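Colleague: Generate coordinates for the sequence data below:
(one chain, ligands or ions: 1)
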Amino acid sequence: MASIYFDLYSCCVPVLGFQRATICDIQRNSYVVLPRSIVNIILENKQFKRSIDSLVEIYGQTLLPWIERLHAEGYGHYFNNVSTYDALPDIDFNLYEYNSVSNAIIDFDEDSSHDLQVIADDLSLLYCEAVELRYYFAPPFERLIKDLSYFNNSTVRTIEILVGNNPNLRVRNYKKLLKTEKRLFRLTVHSSQKRKNWILEDKKVLCLDPMIIKDSSHCGIVDPRYFSININTIKDSINVNSCLYKKISVDAKGNIKNCPSSSKIFGNIKNESILQVMDNPSLKEMWLINKSLINVCKDCEFRLICIDCRVNIQNPADIYSKPKSCNYDPYQAEYTL
Ligand code: SF4
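Modeller: Okay, the predicted model is just below:
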């Protein structure tokens, strides 16, 4: 009888943790958690290319249900030609970039006076691709349209908006905005009466969220709900800091920072431009701290899908300590209270 083999699909990325492992499917944006030993066997077998029968002979019958589960859930495939192991190419996780800044967060409260057109123009000169505009109040609809228009002739390709609940606006107003503004891909209304999400045309997202957000302090929360399973997050987590790399922020007071929650200020937009601040080497000092350099995280099976936070960390004296809000212990494979 012909031998049957098993391997993971190329788009399913195995990540070994101390106790457990994850397999992250970057095509379906899903992940599965398994014992580390099982994933290790599958990984080693890429080299040895043993059939399932041979693997069971060596490691025992307990391996079989795991392989069957991975197959049933679409993370791997059976085949009967051993050369298939080499036929599927590995994914290239290197970063290939042309820009100096890839993403920016611009915060506003009711007293903010920064000139968004000036900021948008500078971001374009740096080839910035993604922008998040966060309003800790409920601006009029016309203000949102105007602010979005500043990016019309920019390099920015995607815009995300977080905005306070305006009682004069209806869901249909937000849906219309998402439809007409091509760059706008996600709009979240905080301080809303209810919680509801819509996935619209072109996978654009509208969210109503009852959470009251008055400032940038809600940032840096580590929770499985916020795991990001896609090739960009995985590439960043392998190579650089998944939150701060090539990020620039302007807080509600106009201070230029790595992240609006950070206390480190590199200048104020009223006196200095983003272009001038880019020459400050301290701005980039955390850009290359990837997950494999961070204590505890480096042994965690979630490290390639968990967005890092370098601002709220467990030991402020140690820039390599893990994010403060994380209560997961990869050594025990459990969450602590
Ligand atoms: S230990 Fe680190 S990588 Fe793991 S969940 Fe916590 S913050 Fe994320």
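
Colleague: contacts and neighbour counts: CA atoms only from here.
Modeller: Noted.

Colleague: First-to-last residue distance for stretch 156-170?
Modeller: Between the opening and closing residues of stretch 156-170 there is a gap of 27 Å (Cα to Cα, to the nearest Å).

Colleague: Same check on stretch 145-165?
Modeller: 16 Å.

Colleague: Need the contact partners of it.
Modeller: 116-117, 120-121, 123-124, 127-139, 177, 181, 183-192, 213 (Cα atoms under 8 Å, 6 or more residues apart in numbering).

Colleague: same thing with stretch 225-236?
Modeller: With contacts defined as Cα under 8 Å, 6+ apart, stretch 225-236 is touched by 24-27, 29-31, 93-95, 242, 290, 304-307.

Colleague: Same question for stretch 284-303.
Modeller: The set of residues that contact stretch 284-303 without belonging to it, under Cα under 8 Å, 6+ apart, is 15-18, 20-22, 236-242, 244-246, 304, 308, 310, 320-322, 329-331.

Colleague: filter those residues down to the ones close to the ligand.
Modeller: Checked against the ligand using Cα under 6 Å from any ligand atom, those give the following subset in range: residue 322.

Colleague: Now, the contacts of stretch 284-303 that are in helices?
Modeller: 236-239 (DSSP state H).

Colleague: Tell me which helix or strand comes right after the helix ranked longest in the chain.
Modeller: Ranked by residue count under DSSP H, the longest helix found in the chain is helix 36-48. Counting by DSSP states H and E, the element after helix 36-48 in chain order, helix or strand, is helix 52-59.

Colleague: ok, then the element right after that next one?
Modeller: As the chain continues past helix 52-59, the following element, by DSSP H and E, is helix 63-72.

Colleague: Provide the strand pairings for the next helix or strand after that next one, with the direction of each partner.
Modeller: Sequence-wise, the next helix or strand downstream of helix 63-72 (DSSP H and E) is strand 76-79. According to DSSP bridges, the neighbouring strands of strand 76-79, each with its direction, are strand 5-8 (antiparallel).

Colleague: For the stretch 151-300 of the chain, what lies in contact range of the ligand?
Modeller: Taking Cα under 6 Å from any ligand atom as the contact definition, the stretch 151-300 of the chain meets the ligand at 296-297, 300.

Colleague: Let me know the closest of the residues you listed to the ligand.
Modeller: When those are compared for distance to the ligand (Cα to the nearest ligand atom), residue 297 comes out closest, at 3.6 Å.

Colleague: Tell me, how many residues neighbour the closest one?
Modeller: 25 (other Cα atoms under 10 Å).

Colleague: one step back: how far does the longest helix of the chain sit from its chain's centre?
Modeller: Relative to the centre of its chain, helix 36-48 is centred 27 Å away, using Cα atoms, centre = their mean, to the nearest Å.

Colleague: What average pLDDT does it get?
Modeller: Predicted confidence along helix 36-48 averages 96 (mean pLDDT).

Colleague: picking up where we left off before, in PyMOL, select just the buried ones from the ones in helices among the contacts of stretch 284-303.
Modeller: Selection of buried members from the ones in helices among the contacts of stretch 284-303 for PyMOL, criterion 16 or more other Cα atoms under 10 Å:
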select buried, resi 236+237+238+239
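
Colleague: could the ones in helices among the contacts of stretch 284-303 be laid out in CSV, adding pLDDT?
Modeller: Shown next, in CSV, are those (pLDDT from 0 to 100):
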residue, pLDDT
236, 94
237, 96
238, 96
239, 97
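
Colleague: thinking again about what came up before, out of the contacts of stretch 284-303, name the ones that lie in strands.
Modeller: Using DSSP state E, 15-16, 20-22, 329 are the members of the contacts of stretch 284-303 that sit in strands.

Colleague: filter those to the buried ones?
Modeller: Among the ones in strands among the contacts of stretch 284-303, the ones that count as buried by 16+ other Cα under 10 Å are 15-16, 20-22, 329.

Colleague: so where's this structure uncertain?
Modeller: 1, 220-223, 337 (pLDDT under 70).

Colleague: Can you go through the contacts of stretch 145-165 and name the buried ones?
Modeller: Among the contacts of stretch 145-165, those scoring as buried are 116, 120-121, 123-124, 127-139, 177, 183-192, 213 (criterion: 16+ other Cα under 10 Å).

Colleague: how about the helices of the stretch 201-337 of the chain, start to end?
Modeller: Here the stretch 201-337 of the chain has its helices, by DSSP state H, counting those that start in this stretch, at 231-239, 274-277.

Colleague: The ones you listed into JSON lines, with extra columns for distance to residue 108?
Modeller: Output for the helices of the stretch 201-337 of the chain, formatted as JSON lines (distance: least, Cα to Cα, whole Å):
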{"stretch": "helix 231-239", "distance to residue 108": "27"}
{"stretch": "helix 274-277", "distance to residue 108": "17"}
